[in-house]
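Undergrad: Below are the sequence and a predicted model for it; my questions follow.
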Amino acid sequence: MKDHRDRRARLQLIEYMFAGYSWQEAVAQSQLNISRATAYRLRQMACDEEKAKRAFLDDRHGHPSRLTQPAQAWLTAFCTPNPQVASSQVQTELKTQFGIEVSVSQINRVRAKLGVSRQPSGSVLAASKKN
């Protein structure tokens, strides 16, 4: 997993706060530029097993590094012959094929970058030309 630039600093902040340091000392040691409320929110999230992933920046939905080169190659191969396929269907296929969860907006951005954006069907295209 790629290490997010703030991940180590957040881990250090939480470690210091659990060790009994004040939030100001923990923020200074971790070199994060965050408020008191954010420091305590991160500490609280670290205590909750379900929210800990967000505190540590793990498993972020739609993170750009999710669409690795093999996933992008698959996306191109999948969308080129089927330009009308909906991004929600692509999202489901990515989950099935690669076990990754990517937001539809991220899929749309990558599709546009790769030149395989969704093309409107013939009836929608004809209706827009009439207006």
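TA: Received the coordinates, thanks.
Undergrad: Got the phi and psi for the closest residue to L114 other than its chain neighbours?
TA: Once flanking residues are discounted, L114 sits nearest to T76: 5.3 Å by Cβ to Cβ, 6 or more residues apart in numbering. Bear in mind the C-beta positions are built from the backbone N, C-alpha and C, glycine included. Torsion angles at T76 (phi, psi; degrees, to the nearest 10) stand at phi -60, psi -50.
Undergrad: swap in D48?
TA: The phi/psi pair for D48 (degrees, to the nearest 10) reads phi -90, psi 120.
Undergrad: Could you give the number of residues near it?
TA: By the other Cβ atoms under 10 Å criterion, the neighbourhood of D48 contains 10 residues.
Undergrad: start at 17 instead
TA: Sure, I'll start numbering at 17, so the last one becomes D64.
Undergrad: What's the separation between it and A93?
TA: Distance, D64 to A93, by Cβ to Cβ, to the nearest Å: 40 Å.
Undergrad: returning to that earlier point: surely the residue nearest to L130 and V132 touch.
TA: Yes - in this structure, T92 sits in contact with V132. The criterion is Cβ atoms under 8 Å, and the distance is 5.7 Å.
Undergrad: if you count what's nearby, which of those two comes out ahead?
TA: With neighbours defined as other Cβ under 10 Å, T92 and V132 compare such that V132 has more, 21 against 14.
Undergrad: in the host helix or strand of Q60, what's buried?
TA: For Q60, the host element (DSSP states H and E) is helix 52-63. Buried residues in helix 52-63, counted by 16 or more other Cβ atoms under 10 Å: A55, L58, R59, M61, A62.
Undergrad: Flag the shaky bits of the chain, pLDDT-wise.
TA: Counting by pLDDT under 70, the chain has low-confidence residues at 17-21, 66-82, 136-147.
Undergrad: domains of it?
TA: The record's domain parsing of the chain by automatic domain parsing lists 23-71, 80-136.
Undergrad: Okay then, goodbye and thanks.
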